[in-house]
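Visitor: quick one, fold the following:
(4 chains)
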2 protein chains.
Amino acid sequence: MVTIADVARHAGVAASTVSYVLSGKRAISTDTRERVQRSVRALGYRPNASARALASQRSNVLALVIPLRTDMHVPVMMQFAAAIVTTARRYDHDVLLLTADEGPEGLERVAQSSLVDALVVMDIELHDQRVPVLRELPMPSVLIGYPDDADGLTCIDLDFVAAGARCVDHLADLGHRSLALLGTPTTVYERQTAFAQRTLTGFEEAAERRGVLGVETPCEHTFDAVLHTVQRLLDNHPDITGLVVQNEPIIGPLLDVLRRLGRRVPEDMSLVAICADDVAERQVPRLSSVTIPAERIGGQAVESLISKLEGADVAALTLLPAALTARESSCQAPHRDLTTA
Amino acid sequence: MVTIADVARHAGVAASTVSYVLSGKRAISTDTRERVQRSVRALGYRPNASARALASQRSNVLALVIPLRTDMHVPVMMQFAAAIVTTARRYDHDVLLLTADEGPEGLERVAQSSLVDALVVMDIELHDQRVPVLRELPMPSVLIGYPDDADGLTCIDLDFVAAGARCVDHLADLGHRSLALLGTPTTVYERQTAFAQRTLTGFEEAAERRGVLGVETPCEHTFDAVLHTVQRLLDNHPDITGLVVQNEPIIGPLLDVLRRLGRRVPEDMSLVAICADDVAERQVPRLSSVTIPAERIGGQAVESLISKLEGADVAALTLLPAALTARESSCQAPHRDLTTA
DNA sequence: AAGGGGTGTCGAAGCGCTTCGACTAGGGTA
DNA sequence: TACCCTAGTCGAAGCGCTTCGACACCCCTT
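Guide: Next up, the predicted model:
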């Protein structure tokens, strides 16, 4: 491997000069700079990452902690990860992949050994064990999702309370009086996963505010689960005409189930999903939806982290607004028979 | 941050002794060892990763290069990634996440800067640009998938040729005489992605060998694409009674489409999928399938890499056998009307 | 009693880089 | 002309660890 000393010798300068050429931290004459750059190219020099990290106290690596759960929707996670890696590279950083099952201890490990300079943590629960640890860590972090007590932390997320509310408002505006939220699997609620809880809150508050019925039910990912959940739901509340879905994997099965049950979408049943745009577009009929802007959130997370590393102050909480796109899966509520009302 | 010198002082020994206690590379008396270990705990010492890497020429980090493509099935990728990270941690290594869009240059970057000790590369094409680069890199690598020219490289993959063949054999054994392979999107074939091409080969060879009709068609991920592809397929080949699917995202839509077209599974149309077991189990009816053992492949990849790092020789090519599990989606071919034959 | 071989520990020399202080020239100011 | 600044470069001192050789010391052999 070629070292900075080799480059210095080749260019006829001191090693420190090479370093300054590379970092730009001191003025270097054009002549010297170009000579050094030529030597760098000629020798194919790449600074040794460990040496650099040791001397500069910066590894230029960010940790990304992702959940390893089967009850989460994987493609969305992947979109986050992709956005984070891509953005990190733009700022000359790399990404170390950690799985959430290492727990709080895993965060301490990578932070205290200076393996990374900063952390991005996903899949936050309302009372997340990792939160107190992150607070004490000697380096910046950003949460994707936000816990109950976010004091002293930087959080970025879609405004899921607003997302839940937007769905209700959209359906209520169309005249629907009985709505249901078809949510994530039970385990996600049991863990008090922040995004699921907050959507629930938004859904409930908006239903209350609009004076409409709002029932909620979790739903597992299998076809049978969808079938039974929907059947039970419609048995108990036959007048439901609007469905809010926050559970990407069941969207396909759900459309199928509704067909089987003889409910046309949107004529008999309006549907609004909280999901990625491409998923909504891909369905038949295309779904009205509140999008989950994974790219923006991931990119934003990295940018906040880089700012913090540079010593800047960043907003403690960034909630991206929940925008609803109306497509073909929702329409005016069916005319109600006034005699039964 | 507490350093090895602090620990040494606290324990009343030399820094090198602390190092030897931690690494176990030299004999240390029980007495000293325990004293040092107590000091390590008392001070909460964590070795600095960069210093360690610099001195030992080992970063204990593996690079994982994953595709960032929308035409690939994401959950499977994630399963690979999870298995790789989990296994790496078992061998005291971490994982640096790279996206394939950094290209060959990205591999050189992390390798030549000694950011990582070894690489795992996924989503291999038959004529992959990264292959020659990997061959020249001064560190071991493992490919998940295998290229045409795998000379001097270590590859691990499911035996997709056998997988394609197993599906044909299964259906042929059940008496089906006309089969179709519903494959990945066109772009995947255009890139000459190894697993897709090899499945195709296995499918063709087996169809030929068994003397059955075997037609192939790519298929995009939207519902409409599935509908049109299947319609066209059945229009052109009305006698097809067996379908092999290598395209996880379309499995749900496909079942739906077949129902719409009035083809019962398995009575009118037998189905075999190449997909993860849990996906096969989740469908109605449950699908006969050749499983993609992502966990095993990922785990195996890391283990091979660790062996190579330790200087051991490892097999150049590991092809995991393709096992077919028969479930409810495939059955005896419908009785043929001999007058039309 | 002298020599030989383990065993356990230490000190010092790096690993390859960054960064600080110091030094030299050259140009501007008084 | 003397002085001071700035720009440009260098050397040396680390960063925190691993590892090599050296050195005691003890026990066993002859």
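
Visitor: how many residues are close by A:Asp159?
Guide: Neighbour count for A:Asp159, taken as other C-beta atoms under 10 Å in any protein chain shown: 19. The way it works is simple: take the backbone N, C-alpha and C, and place the C-beta from them, glycine included.

Visitor: again with A:Asp313
Guide: When counting by other C-beta under 10 Å, one arrives at 8 neighbours for A:Asp313.

Visitor: am I right that it falls within a strand?
Guide: No. Assigned with DSSP: H, G, I helix; E, B strand; the rest coil, A:Asp313 falls outside any strand and is coil.

Visitor: look at it and report its pLDDT.
Guide: Predicted confidence (pLDDT) for A:Asp313: 91.

Visitor: do you know how far it is from DNA strand D?
Guide: To DNA strand D, A:Asp313 is 27 Å away according to C-beta to the nearest atom of the strand, to the nearest Å.

Visitor: next, give phi and psi for that residue.
Guide: Backbone geometry at A:Asp313, expressed as degrees, to the nearest 10, gives phi -90, psi 140.

Visitor: any idea how far B:Glu248 is from it?
Guide: As judged by C-beta to C-beta, to the nearest Å, A:Asp313 and B:Glu248 stand 45 Å apart.

Visitor: A:Ala312 too?
Guide: 43 Å.

Visitor: looking at these two, which is more packed in?
Guide: Here A:Ala312 and B:Glu248 are set side by side on neighbour count (other C-beta under 10 Å), and the busier one is B:Glu248, at 21 against 9.

Visitor: quick one: low-confidence parts of chain A?
Guide: Across chain A, the ranges flagged by pLDDT under 70 are A:336-341.

Visitor: from DNA strand C, how far off is the closest residue to A:Arg198 other than its chain neighbours?
Guide: Nearest non-adjacent residue to A:Arg198, counting by C-beta to C-beta, 6 or more residues apart in numbering or on different chains: A:Phe160, 3.9 Å away. Distance, A:Phe160 to DNA strand C, by C-beta to the nearest atom of the strand: 41 Å.

Visitor: my read is that A:Phe160 contacts A:Thr184, right?
Guide: No. Between A:Phe160 and A:Thr184 there is no contact, the gap being 11.6 Å when judged by C-beta atoms under 8 Å.

Visitor: need the residues touching each of those two.
Guide: A:Ala196 (C-beta atoms under 8 Å, 6 or more residues apart in numbering or on different chains).

Visitor: chain neighbours aside, what residue packs nearest to A:Ala5?
Guide: Nearest non-adjacent residue to A:Ala5, counting by C-beta to C-beta, 6+ apart: A:Ala15, 5.5 Å away.

Visitor: and the one you found, how many neighbours?
Guide: Neighbours of A:Ala15 under the rule other C-beta under 10 Å: 14.

Visitor: the one helix or strand A:Ser16 maps to packs against which elements?
Guide: According to DSSP states H and E, A:Ser16 maps onto helix A:15-23. Helix A:15-23 is packed against helix A:4-11, helix A:30-43, with contacts defined by 3 or more C-beta pairs under 8 Å, 6 or more residues apart in numbering or on different chains; DSSP states H and E.

Visitor: what angle separates it from helix A:4-11?
Guide: 100 degrees (axes from the mean of the first three to the mean of the last three C-alpha atoms, to 10 degrees).

Visitor: helix A:15-23 near DNA strand C at all?
Guide: Yes. Interface with DNA strand C: helix A:15-23 contributes A:Ala15, A:Ser16, A:Ser19, A:Tyr20, A:Leu22, A:Ser23 (C-beta under 7 Å from any atom of the strand).

Visitor: what sits against the residue in the stretch 201-341 of chain A that chain B sits nearest to?
Guide: Per C-beta to the nearest C-beta, A:Gly252 is where the stretch 201-341 of chain A lies closest to chain B, at 4.2 Å. A:Gly252 makes contacts with A:Gln283, B:Gly252, B:Pro253, B:Asp256, as judged by C-beta under 8 Å, 6+ apart.

Visitor: at 6 Å what do you get?
Guide: Counting by C-beta atoms under 6 Å, 6 or more residues apart in numbering or on different chains, A:Gly252 touches B:Gly252.
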